[in-house]
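Engineer: I'd like to go over a predicted model; first the sequence, then the structure.
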Amino acid sequence: MATKTEYTGKWKISKFDYGFARWYSWKYLEWLDEYNSLKDSVRSASFGEIHGSKIGKPTEELATRRAEIRNKMLKVERAAYDAGGEIADYLLKYVIDESMTYERLEKMGLPCGRTYFYDKRRKYYYLLAKEI
């Protein structure tokens, strides 16, 4: 007998893993904005600027942060493409935007039915929950 917190269909995932995977997906657009804002290299210090006592490597830190963000984004993208196949682009739009609906995707030209789409969505959350 299944517990109350478990989806018992083809893609088994606890409600907590599902919730975390949804939240993780919604962070995608925030990560994308941050990733794009970090594309410039760190500027050099001007003569006479006051510096703190922290010794750091700003360019290295910038590159490391960009790599961390990109890895998170790739997990979301990879799960969408592994789960969605031919509808992966639509699936990705759906999972990263909490206001996106199936009906809006239909108007954008989603080439499949509701049951098929929601099965792919469940597979996506299952794959992402395993990855994160």
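Structural biologist: Nice, thanks for sending it over.
Engineer: quick one: residue 108 and residue 90 touch, right?
Structural biologist: Yes: counting by C-beta atoms under 8 Å, residue 90 is a contact partner of residue 108 at 7.0 Å. (Each C-beta comes from the backbone N, C-alpha and C, glycine too.)
Engineer: So these two - more neighbours on which side?
Structural biologist: residue 90 (23 against 11; other C-beta atoms under 10 Å).
Engineer: Dump whichever strand or helix holds the more buried one to CSV, restricted to CA.
Structural biologist: In this assignment (DSSP states H and E), residue 90 forms part of helix 88-96. What follows is helix 88-96 as a C-alpha-only set of coordinates in CSV (Å, rounded to 0.1, in the frame of the first residue of the first chain):
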residue,chain,number,x,y,z
ALA,A,88,11.0,19.3,-24.6
ASP,A,89,10.9,23.0,-25.5
TYR,A,90,7.2,23.3,-24.4
LEU,A,91,7.9,21.3,-21.3
LEU,A,92,10.8,23.5,-20.3
LYS,A,93,8.6,26.6,-20.8
TYR,A,94,6.0,25.0,-18.6
VAL,A,95,8.2,24.0,-15.7
ILE,A,96,10.3,27.2,-15.4
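Engineer: now for the helix or strand following that helix, which elements pack on it?
Structural biologist: The helix or strand immediately downstream of helix 88-96 is helix 102-107, counting by DSSP H and E. Using 3 or more C-beta pairs under 8 Å, 6 or more residues apart in numbering; DSSP states H and E, the elements in contact with helix 102-107 are helix 88-96, helix 114-131.
Engineer: Check which residues of the first one are buried.
Structural biologist: With burial defined by 16 or more other C-beta atoms under 10 Å, the residues of helix 88-96 counted as buried are 88, 90, 91, 92, 94, 95, 96.
Engineer: Fine by me, we can end here.
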